[in-house]
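Colleague: Predicted model, plus sequence, below.
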Amino acid sequence: MDALTRLISFYNNSSANDIYRQIAINVLRNIQALPNASSYEMAKICFSAPSTLRRLATKLGYKSYSAFKADLSWSLDNYRFLHAYRPLESNTKQDTVTDLLRFIARLADELEQNLDRELLSRVVTDIRSKKKIAFFVSAVTSQISRLELDLLLDGHEVALYTELHDQMTGMDLLDGQSLAILIKPEVPASGHVRELAKIAKAKGARTLVISNSSSYAANDSMDYVLNYSGSASLIDIYAIDMIVSAIVTKHQEMIFRSDNRPWPAD
């Protein structure tokens, strides 16, 4: 999980008496200052000490405060970009919630018309043939988590990487029995995806990218490309989940058919 999610998860799951829980909430409350603040400045803002911030970083799985700060700044940039409010283009005079729901409905209709079913079947067939499946994402959605669990239960080795340095390290673990799934909305920290794809190919791994751009430069180096019409905003999460849901459904169908089970009665 990314650093921001780790920090929130630590806060939610720590005892109310845990001193590091209070430090975590102080970091979250003053997170705007973090990218430009030294460890001493951040400690002062959070009513703490640099050594305490370092110990918090260790508790969150980081080797140093500087590594924690870099990952937290990176995930914060992604969060701001994806969750910034952008009014939807609308020809109606409805309220914004109505516009949102209609936009999602149009997105579903567009995917129904344009999602290549034959390509989807090839993707899932290839996924099922590989021993290792690795996800490289900027954020984890409910459907990504569902697909991860389904693949684990189907006997695959599965890894999920959200942080930049972990993604580069994770690519080095791939081989010819691996398939890398790169889910890439247009976020500021996504420029490394092309480099990740090159490493995967050099390792002999197969690659799938789910992207909101049919003209994205890295697409040419991918084995499979599934595109959606994105707006580089929170709306993209719905599109990503729809495509991942289609992969989940096709994966479950193939397992069902391979077990020679009869279709459920109506």
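Modeller: Yep, it's here.
Colleague: Same question for the helix or strand encompassing Ser9: list its buried residues.
Modeller: For Ser9, the enclosing helix or strand under DSSP states H and E is helix 3-13. Under the neighbour-count criterion of 16 or more other Cβ atoms under 10 Å, helix 3-13 has 3-4, 6-7, 10-11 buried. C-beta coordinates here come from the backbone N, C-alpha and C atoms, glycine included.
Colleague: Ok, stretch 200-215 next?
Modeller: Residues of stretch 200-215 classed as buried by neighbour count (16+ other Cβ under 10 Å): 200-201, 205-213.
Colleague: rewinding a little: which one of the buried residues of helix 3-13 is nearest Ser73?
Modeller: Within the set of the buried residues of helix 3-13, Ala3 lies nearest Ser73; the separation is 8.3 Å, counting by Cβ to Cβ.
Colleague: Thought Leu56 was touching that closest one, still the case?
Modeller: No: counting by Cβ atoms under 8 Å, no contact exists between Ala3 and Leu56, whose distance comes to 11.5 Å.
Colleague: Now do the helices in the chain.
Modeller: Listed from the start of the chain, the chain has helices (DSSP state H) covering 3-13, 19-29, 39-45, 50-59, 65-83, 96-114, 117-129, 142-153, 164-171, 193-202, 235-258.
Colleague: Give me the distance between the residue nearest to Glu110 when sequence neighbours are not counted and Ile144.
Modeller: Leaving aside its sequence neighbours, Glu110 sits nearest to Ser229 (Cβ to Cβ, 6 or more residues apart in numbering; 5.9 Å). With distances taken as Cβ to Cβ, to the nearest Å, Ser229 is found 20 Å from Ile144.
Colleague: who has more neighbours, those two?
Modeller: Ile144 (21 against 15; other Cβ atoms under 10 Å).
Colleague: Enumerate every residue touching that one.
Modeller: Contacts here follow Cβ atoms under 8 Å, 6 or more residues apart in numbering; on that basis Ile144 touches 135, 137, 160, 183, 240-241, 244.
Colleague: How about Thr5?
Modeller: Taking Cβ under 8 Å, 6+ apart as the criterion, Thr5 is in contact with 75, 140, 162.
Colleague: how much space is there between it and Ile31?
Modeller: 13 Å.
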